[in-house]
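Asks: Quick one: sequence plus predicted model below, questions after.
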Amino acid sequence: MTRYVIAIDQGTTSTRAIVFDHAGEIVSRGQLEHRQILPQAGWIEHDPEEIWRNTRRCIAEALAQADITRLDLAAVGITNQRETTMVWDRATGEPVANAIVWQDTRTQPMVDALAADGGVDRFREITGLPLATYFSATKIAWILDNVPGVRERAEAGELAFGTPDTWVVWRLTGGPDGGLHVTDVTNASRTMLMDLDTLDWSEEMLEVFGIPRAMLPEIRSSSEVYGVVGGQSLLRDVPIAGILGDQHAAMFGQVAFEPGESKGTYGTGTFLLVHTGETRVRSEHGLITTLAYRIGDAPAQYALEGSIAVTGALVQWLRDNLGSIRSAEEIEELAASVPDNGGAYFVPAFSGLFAPYWRPDARGAVVGLTQYVTKAHLARAVLEATAFQTKDVVVAGEADAGVPMRALNVDGGMTSNALLMQLLADVLQVDVVRPVVAETTALGAAYAAGLAVGYWDSLDDLRDNWREGRRWSPAMDPAEAARLHRNWLKAVARTLDWVDDDVR
């Protein structure tokens, strides 16, 4: 048996390639950050060609570290930042524009116009999603309407759309020379163009947004052999056998395969998913109905999701924009140097507020400032913002599910911050549990690919791999936790209704 599976994790701030063994443990990795292109306020872009170059370099680094070749690999799994929108020329592979990132808010006027006739839930029955700039459909429409000549070329079948999974698979399998144009159900469910019941592109949604069906990739399951890597790639002839959007991959890596099981991933943003099985559950409290995964021809599995736009990105902002810290790791020591937030609360509504509020008119604010507050208090407020936003989503999830959360399984880069994990346990008043392998996004993609080629035999094999790494239990008085959250809610209220005709 070949010894390993490799996962390509194309994220919002970086691309990684990670090699896993049969026990689900990390053997090696390569990682490179890519530029965050900010042409103007509210616009966030990536260069697809830079992402592709970084992908190849990360693969080379991971293979070199492990001292292995493609002959040692059973399969490739792909996971990716969702909703980020790329359009390229099928004949040349050249992007027609930079990718529009999921956090980008330039399409808010289009969202407002559509919501004026039926509200933000106008298409929720078909797509499971509220109208928001977050999803891909308005981004595709913006490119079609604003890049000269693109609509005509798209209608002629010359252009392809994809989220980053589609872009990476297309390039790996040959690009202009026969590259596969595919995505999986989880990524398709985030475009606002897929019917959640049929798992196919919705003709009604395509008509609403004016998007030619010829642009769209074929929707496949999350775990099957799509094809093999082509060309002169270091992965030549290795099967590509798993695709999952990053949050769904993290759920898969956390082996949350049963209804009621959940996970929280802490990265650029934070995303909490609760598995609901084969049943679509419509949230009444601001969460999203989405696909969890689909294995081969088996029935699709669904989930409820709470999406928080800015968590790790706030730490990055503190580092890059304010220079308060030199590295993301420094924030823990700085925040721990004070016993509390000094009365300061930081609401990072840089792109409005996502779940459970869905308020695009909100903007970031720091409230409660006095002369007493130092940069250490602000650092603590930055970390507490992640805990409070999580609390908001958990409250909504508990209301939808009708049962309280008993523990939160966490993963992602921010879980290395022990102070943040303790703050989560304190604010939520439940245990927070991190597995031994916290890179569950890449691990989930590896699991999906390995299942498809028989590297792992069943979901039970994957469950056997899961091991608890560390647990944080509440240490704060419940009354104090409740008081802090009440003040957070007051801070949130101050951010609303900021964007109007007078604010650009």
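Replies: Cool, got the structure.

Asks: contacts and neighbour counts: CA atoms only from here.
Replies: Will do.

Asks: For the stretch 1-150 of the chain, just list every one of the helices.
Replies: Using DSSP state H, counting those that start in this stretch, the helices of the stretch 1-150 of the chain run over 48-66, 108-115, 124-127, 136-146, 150-155.

Asks: Going by neighbour count, list what's buried in the shortest one.
Replies: Counting neighbours by 16 or more other Cα atoms under 10 Å, one finds that the buried residues in helix 124-127 are R124, I126, T127.

Asks: Go through the helices of the stretch 1-150 of the chain and name the closest to G267.
Replies: Among these, the nearest to G267 by Cα to Cα is helix 48-66 (18.3 Å).

Asks: Look up how far D89 lies from A156.
Replies: Distance, A156 to D89, by Cα to Cα, to the nearest Å: 11 Å.

Asks: Which one's more surrounded, those two?
Replies: Remark: of A156 and D89, D89 carries more neighbours, 19 against 12, as counted by other Cα atoms under 10 Å.

Asks: Now do the contacts for that one.
Replies: Going by Cα atoms under 8 Å, 6 or more residues apart in numbering, D89 touches P95, V96, E158, L159, A160.

Asks: Verify the stated contact: the third one with G93.
Replies: The reference is to E158. No. Look at E158 against G93 with Cα atoms under 8 Å: they stay out of range, at 10.6 Å.

Asks: Mind checking which of these two has more residues around it?
Replies: More neighbours surround G93 than the other of E158 and G93, with 20 against 17 (other Cα under 10 Å).

Asks: T265 sits in which helix or strand?
Replies: Here T265 sits within strand 262-266, counting by DSSP states H and E.

Asks: Who are the packing partners of that strand?
Replies: helix 246-253, strand 270-277, strand 407-411 (3 or more Cα pairs under 8 Å, 6 or more residues apart in numbering; DSSP states H and E).

Asks: Point out the most buried one among those.
Replies: Greatest average neighbour count among the helices and strands packed on strand 262-266 goes to helix 246-253 (a mean of 30), per mean count of other Cα atoms under 10 Å.

Asks: how distant is it from the center of its chain?
Replies: Put simply, helix 246-253 sits 9 Å off its chain's centre (Cα atoms, centre = their mean, to the nearest Å).

Asks: okay, the angle between that helix and strand 270-277?
Replies: Angle, helix 246-253 to strand 270-277, by axes from the mean of the first three to the mean of the last three Cα atoms, to 10 degrees: 60 degrees.

Asks: And the contacts of helix 246-253?
Replies: 9, 11, 79-82, 186, 257, 262-263, 265, 271, 273, 291-293, 411, 440-445, 447-448.

Asks: if we go to 6 Å?
Replies: T79, N80, Q81, A292, T440, T441, L443, G444, A445 (Cα atoms under 6 Å, 6 or more residues apart in numbering).

Asks: By neighbours, which of the residues you listed wins?
Replies: Neighbour counts for the contacts of helix 246-253 (other Cα under 10 Å) peak at A445, which has 33 neighbours.

Asks: Could you measure from that residue over to S189?
Replies: From A445 across to S189, the span is 17 Å (Cα to Cα).

Asks: G342 too?
Replies: 42 Å.

Asks: who's more crowded, these two?
Replies: S189 (28 against 19).

Asks: Can you show me the strands along the stretch 101-250 of the chain?
Replies: Under the criterion DSSP state E, counting those that start in this stretch, strands of the stretch 101-250 of the chain are mapped to 159-162, 182-184, 194-195, 200-201, 218-220, 223-228, 239-245.

Asks: Just put those in JSON lines and tack on distance to L369 and mean pLDDT.
Replies: As requested, the strands of the stretch 101-250 of the chain are exported to JSON lines (distance: least, Cα to Cα, whole Å; pLDDT from 0 to 100):
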{"stretch": "strand 159-162", "distance to L369": "44", "mean pLDDT": "97"}
{"stretch": "strand 182-184", "distance to L369": "46", "mean pLDDT": "98"}
{"stretch": "strand 194-195", "distance to L369": "45", "mean pLDDT": "96"}
{"stretch": "strand 200-201", "distance to L369": "49", "mean pLDDT": "98"}
{"stretch": "strand 218-220", "distance to L369": "50", "mean pLDDT": "98"}
{"stretch": "strand 223-228", "distance to L369": "50", "mean pLDDT": "97"}
{"stretch": "strand 239-245", "distance to L369": "39", "mean pLDDT": "97"}
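
Asks: So which of those is nearest N321?
Replies: Of the strands of the stretch 101-250 of the chain, nearest to N321 by Cα to Cα is strand 239-245, at 28.9 Å.

Asks: now what about the closest one, what contacts it?
Replies: Strand 239-245 is contacted from outside by 75-80, 82, 184, 186-187, 222-228, 445, 448-449, 452, using Cα under 6 Å, 6+ apart.

Asks: The closest residue to R406 other than its chain neighbours: neighbouring residues, count only.
Replies: Take R406 and drop its neighbours on the chain: the residue closest to it by Cα to Cα, 6 or more residues apart in numbering is V430, 6.2 Å away. For V430, the count of nearby residues is 18 (other Cα under 10 Å).

Asks: do the same with R151
Replies: Here the count is done by other Cα under 10 Å, and R151 has 20 residues near it.

Asks: Contact partners for it?
Replies: The contact partners of R151, by Cα under 6 Å, 6+ apart, come to L144.

Asks: And it, how far from Y447?
Replies: 38 Å.

Asks: what's the answer for T270, then?
Replies: Following Cα to Cα, the distance that separates T270 from Y447 is 22 Å.

Asks: Now pLDDT too, for the buried residues of helix 124-127, in CSV please.
Replies: Shown next, in CSV, are those (pLDDT from 0 to 100):
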residue, pLDDT
R124, 91
I126, 94
T127, 94
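
Asks: which among those gets closest to T2?
Replies: When these are ranked by distance to T2 (Cα to Cα), T127 comes first, at 39.7 Å.

Asks: who touches the closest one in this structure?
Replies: Per Cα under 6 Å, 6+ apart, neighbours of T127: M192, D195, L196.

Asks: Please pick the buried ones from these.
Replies: Of the contacts of T127, these count as buried by 16+ other Cα under 10 Å: M192, D195, L196.

Asks: Dump those residues into TSV; add distance to Q301 as well.
Replies: TSV is the format used below for the buried ones among the contacts of T127 (distance: Cα to Cα, whole Å):
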residue	distance to Q301
M192	18
D195	14
L196	11
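
Asks: between those residues, which is closest to S233?
Replies: M192 (33.3 Å).

Asks: what separates the closest one from E45, distance-wise?
Replies: 20 Å.

Asks: Kindly report the same for D361.
Replies: 21 Å.

Asks: which one of the two has more residues nearby?
Replies: E45 (21 against 17).

Asks: who does that one bridge with?
Replies: For E45, the beta-bridge partners are I37, I100 (DSSP bridges).

Asks: If I follow the layout properly, it ends up in contact with Q103?
Replies: No. In this structure E45 lies outside contact range of Q103 using Cα atoms under 6 Å: 9.1 Å.

Asks: May I ask you to name the longest helix in this structure?
Replies: helix 375-401 (DSSP state H).

Asks: Let me see the mean pLDDT of that helix.
Replies: Here helix 375-401 scores 91 as its mean pLDDT.

Asks: and the angle from it to strand 407-411?
Replies: Using the same axes, to 10 degrees, helix 375-401 lies at 120 degrees relative to strand 407-411.

Asks: where in the stretch 101-250 of the chain is pLDDT low?
Replies: Within the stretch 101-250 of the chain, the set of residues satisfying pLDDT under 70 is empty.
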